[in-house]
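Asker: pasted the sequence and its predicted model underneath.
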Amino acid sequence: MEKEKKKIVVTAGTFDLLHPGHYETLKFAKSLGDELIVIIARDETVKKIKGRKPVIPEEQRRRMVEALKPVDKAILGSLKDKLEPILKIKPDVIVLGPDQTTFDVEELKNELAKHNIFPEIVKVKEYTKCPFHSSFDIVKEIVRRFGGCKMIYSTLSINTNKRFEIIDITEKINKIIKESNVKNGLLNIFVPHTTAGLLINENEPNLIKDIENMLKELIKDEDYNHDKIDNNARAHLMSCLLKSDLTIPIIDGKILGTWQSILFVECDGPRSREVIVSIRF
Ligand SMILES: Cc1cc2nc3c(=O)[nH]c(=O)nc-3n(C[C@H](O)[C@H](O)[C@H](O)COP(=O)(O)O)c2cc1C
Ligand SMILES: Nc1ncnc2c1ncn2[C@@H]1O[C@H](COP(=O)(O)OP(=O)(O)OP(=O)(O)O)[C@@H](O)[C@H]1O
């Protein structure tokens, strides 16, 4: 008597962080035949399709899927052509997940028909009866609970010597970044004062003089309303043209372009000033 041919079912997917939705799909897929083969999406494919690499590398994902009870075999997919493994397996049934748009059902049928393969194609329903029924939801929960951005900060003390003065603080900032050991992050420099501020520009002595002249030209030495209370309105107005904070990316431990320096601008010195430097990473 001729041995009855096994009914082979194929399904595929990323299966990054396993959840009951995966299991339900696999259990259902197995119920449709005798042998279930799962094609595991390659890391590179997932990066292209979902815009992010899976958390778990492909071989580790393959091993875990193969260890699941409904699964007979899990294989890594092709890097070149997604049809390649199906053409080799020649399945009787292909199970597509609820959110799988890699193949249009009709197109897949037509394409396989060209190779004399006529599988039944079944689409599964989404399983939602558990708190986490999507791998990305698990990722978001982990980030929410443990990932949060870390921040370190320090305070720079600056003693200014003149009424108006521009002080290059780049070296002091670079020292803080070096000591923080942060290679990639976001630097924020904040001046908690209303008569001083920050600028990024080239520290060239003639240009520094030009910046001073520009501010003094724009905000002339005149009588202002605020002078009735405190004789420093000009400094307040000058600081309106400056920045109270700077946000600069730290990439590979470096900040700033070739000609850029971080300049602290005193408009109402001499005084003791503070600059708050925080780094998020
Ligand atoms: C029938 C079928 C065959 C597939 N074959 C491959 C393959 O050979 N190589 C691969 O990297 N991914 C393959 N995939 C996985 C898809 O690329 C995957 O569906 C895509 O990364 C989206 O992820 P998700 O299905 O887990 O949502 C296949 C998917 C299906 C539905
Ligand atoms: N909740 C679910 N119910 C049924 N099937 C699911 C569910 N979640 C995923 N699947 C199916 O499992 C297979 C693998 O899916 P995949 O690895 O993309 O999981 P995912 O949770 O949808 O991932 P992500 O959240 O990153 O999109 C696909 O066939 C997919 O449709």
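Answerer: Yes, it's here. Residues are numbered from 1 along each chain as shown. Ligands and ions are numbered 1, 2, ... in the order given.
Asker: okay, now V71: neighbour count?
Answerer: For V71, the neighbour count with other CB atoms under 10 Å is 21. Every C-beta, even on glycine, is put in place using the N, C-alpha and C of the backbone.
Asker: helix/strand/coil for it?
Answerer: Secondary structure of V71, reduced to three states by DSSP: H, G, I helix; E, B strand; the rest coil: coil.
Asker: that one touches K27, doesn't it?
Answerer: No: using CB atoms under 8 Å, V71 is not in contact with K27; the gap is 9.7 Å.
Asker: nearest spatial neighbour of N159, chain-adjacent residues omitted?
Answerer: S272 (5.5 Å; CB to CB, 6 or more residues apart in numbering).
Asker: is that neighbour in contact with S157, as I believe?
Answerer: Yes: counting by CB under 8 Å, S272 touches S157, with 6.6 Å between them.
Asker: who's in contact with stretch 47-64?
Answerer: Contacts to stretch 47-64, defined as CB atoms under 8 Å, 6 or more residues apart in numbering, come from residues 14-18, 40-43, 46, 74-76, 102, 135, 139.
Asker: hmm, try it at 10 Å
Answerer: 13-18, 22, 38-46, 71, 73-77, 101-102, 135-136, 138-139, 142 (CB atoms under 10 Å, 6 or more residues apart in numbering).
Asker: stretch 87-94 too?
Answerer: Residues contacting stretch 87-94 (CB under 10 Å, 6+ apart): 5-12, 29, 32-37, 39, 73, 75, 78, 81, 85-86, 103, 105, 108-109, 111-112, 115-123.
Asker: which residue packs closest to L79, ignoring adjacent ones?
Answerer: R42 (5.4 Å).
Asker: state the number of residues packed around the one you found.
Answerer: Counted with other CB under 10 Å, R42 comes out at 19.
Asker: ok, now V9?
Answerer: Neighbours around V9, by other CB under 10 Å: 28.
Asker: ok, and the closest non-adjacent residue to it?
Answerer: G33 is the one closest to V9 (CB to CB, 6+ apart), at 3.9 Å.
Asker: where's that neighbour, which helix or strand?
Answerer: Using DSSP states H and E, G33 falls within no helix or strand.
Asker: same check on K125?
Answerer: With DSSP H and E as criterion, K125 is part of no helix or strand.
Asker: for it, give me the pLDDT.
Answerer: If you check K125, the pLDDT there is 94.
Asker: residue contacts, it?
Answerer: Counting by CB under 10 Å, 6+ apart, K125 touches E24, T25, F28, G97, P98.
Asker: try it again with 7 Å
Answerer: K125 sits next to P98 when contact means CB atoms under 7 Å, 6 or more residues apart in numbering.
Asker: and it, how close does it get to I117?
Answerer: Going from K125 to I117 by CB to CB, to the nearest Å gives 25 Å.
Asker: figure out how far the host helix or strand of R273 is from the centre of its chain.
Answerer: Here R273 sits within strand 272-280, counting by DSSP H and E. Chain-centre distance of strand 272-280: 26 Å, with CA atoms, centre = their mean, to the nearest Å.
Asker: same question for stretch 135-143.
Answerer: How far stretch 135-143 lies from its chain's middle: 14 Å, per CA atoms, centre = their mean.
Asker: tell me if that stretch is near ligand 1.
Answerer: No: judged by CB under 6 Å from any ligand atom, stretch 135-143 and ligand 1 are separated, with a smallest distance of 8.0 Å.
Asker: which residues touch that stretch?
Answerer: T14, D16, L17, H19, V55, F132.
Asker: now the residues you listed as TSV including neighbour count and pLDDT?
Answerer: Output for those, formatted as TSV (neighbours: other CB atoms under 10 Å; pLDDT from 0 to 100):
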residue	neighbour count	pLDDT
T14	22	97
D16	26	97
L17	19	96
H19	18	97
V55	13	95
F132	15	94
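Asker: keep those, but drop any that are not near ligand 2.
Answerer: Among the contacts of stretch 135-143, ligand 2 is touched by T14, D16 when using CB under 6 Å from any ligand atom.
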